[in-house]
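Asker: predicted model and sequence below, questions to follow.
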Amino acid sequence: MSDNDVTVVHHPLVQHKLTLMRDKTTPTAVFRQLLREISLLLAYEVCRDLEIKMVDVETPLETFPSPKLGGKKLCLISILRAGNGLLDGILDLIPSARVGHVGLYRDPETLKPVEYYMKMPHSLNERLCIVVDPMLATGNSAAAAVQRVKDAGAVNLKFVCLLAAPEGINVFQKEHPDVPIVTAAIDRELNDHGYIMPGLGDAGDRMYGTK
């Protein structure tokens with residue numbers, strides 16, 4: 001695992017909200033709201049180096065050169081279904097972003113990803129593409145999704161997750177050493193079923209109240 005390519009966001013608000021999300025008694029609606037809120041804070045970090053340009057703005061008093069986002073609108077790519085929890089919050093912050101989806105589920109026996117859906121915006125090669133999924137567990141689904149996005153033309157990518165396991169980071173970095181990871185925490189390990197420990201359970205189930 002290369003620490004240079006993994007950013008852990010230690011902001012007190014991020015860690016506070018993550019603690020509430022870990023609590024098994026947190027209700028579905030509250031869990032979903034917390035995920036939306038924490039995604040805004042993670043987006044602040046992942047968008048730190050967005051391209052800007054200077055434009056002239058007419059204030060009520062004078063014309064003033066001021067920074068504005070430049071280049072193509074960035075692309076947010078959700079790994080379905082749980083990725084939509086992070087996606088919705090980041091869209092609150094960057095509503096003009098383009099959106100793509102990769103549908104993957106993890107085979108419970110092999111723990112390997114199986115694709116069932118793929119839809120991307122155009123001109124991925126000209127956009128920063130931010131791939132989002134709450135859990136980087138085994139790393140197989142995230143690595144497969146990022147490969148599909150690369151196959152669609154993306155060349156500038158970042159990956160954002162709520163929690164990561166060391167095993168998942170190692171798998172992901174082996175496949176995509178060029179893609180930085182931003183996360184709220186790196187947990188201890190995976191259990192025999194591929195769940196992050198101590199983790200917070202299945203993020204999708206807790207978001208949508210399914211089991």
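Answerer: Now that the structure is in, tell me what you want to look at. All values derive from a computational prediction rather than experimental measurement. Residues are numbered from 1 along each chain as shown.
Asker: pull the CA atoms of stretch 47-65 into CSV?
Answerer: Extracted in CSV, the C-alpha atoms of stretch 47-65 (Å, rounded to 0.1, in the frame of the first residue of the first chain):
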residue,chain,number,x,y,z
CYS,A,47,-11.7,18.6,-5.8
ARG,A,48,-8.8,20.6,-4.2
ASP,A,49,-6.8,20.7,-7.4
LEU,A,50,-9.6,21.4,-9.9
GLU,A,51,-8.6,23.5,-12.9
ILE,A,52,-9.5,27.2,-12.6
LYS,A,53,-9.4,30.2,-14.9
MET,A,54,-9.6,33.9,-14.3
VAL,A,55,-12.7,35.8,-15.5
ASP,A,56,-13.8,39.4,-15.1
VAL,A,57,-16.8,39.8,-12.8
GLU,A,58,-18.9,42.9,-12.4
THR,A,59,-19.4,43.5,-8.7
PRO,A,60,-21.8,46.2,-7.6
LEU,A,61,-18.8,48.5,-7.3
GLU,A,62,-16.2,47.5,-10.0
THR,A,63,-14.9,45.0,-12.5
PHE,A,64,-12.8,42.4,-10.7
PRO,A,65,-10.7,39.4,-12.1
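Asker: just the strands in this structure please.
Answerer: Counting by DSSP state E, the segments of the chain that form strands are 6-8, 52-58, 63-69, 75-80, 98-106, 113-119, 128-132, 135-136, 156-164, 181-186, 189-190, 196-197.
Asker: need the winner for burial among these.
Answerer: Comparing these by mean neighbour count (mean count of other Cβ atoms under 10 Å), strand 135-136 ranks first with a mean of 28. Every C-beta, even on glycine, is put in place using the N, C-alpha and C of the backbone.
Asker: which residues touch that one?
Answerer: Residues outside strand 135-136 that contact it (Cβ atoms under 8 Å, 6 or more residues apart in numbering): 82, 142, 159, 161-165, 168-169, 172, 181, 183, 196, 199, 203.
Asker: about what we covered before: same list (the strands of the chain) but as JSON lines, adding distance to Leu41 and mean pLDDT.
Answerer: Formatted as JSON lines, the strands of the chain follow (distance: least, Cβ to Cβ, whole Å; pLDDT from 0 to 100):
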{"stretch": "strand 6-8", "distance to Leu41": "12", "mean pLDDT": "96"}
{"stretch": "strand 52-58", "distance to Leu41": "21", "mean pLDDT": "95"}
{"stretch": "strand 63-69", "distance to Leu41": "19", "mean pLDDT": "94"}
{"stretch": "strand 75-80", "distance to Leu41": "16", "mean pLDDT": "95"}
{"stretch": "strand 98-106", "distance to Leu41": "20", "mean pLDDT": "89"}
{"stretch": "strand 113-119", "distance to Leu41": "27", "mean pLDDT": "88"}
{"stretch": "strand 128-132", "distance to Leu41": "13", "mean pLDDT": "96"}
{"stretch": "strand 135-136", "distance to Leu41": "17", "mean pLDDT": "95"}
{"stretch": "strand 156-164", "distance to Leu41": "11", "mean pLDDT": "97"}
{"stretch": "strand 181-186", "distance to Leu41": "8", "mean pLDDT": "97"}
{"stretch": "strand 189-190", "distance to Leu41": "25", "mean pLDDT": "96"}
{"stretch": "strand 196-197", "distance to Leu41": "20", "mean pLDDT": "96"}
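Asker: that concludes my questions; thank you for your assistance.
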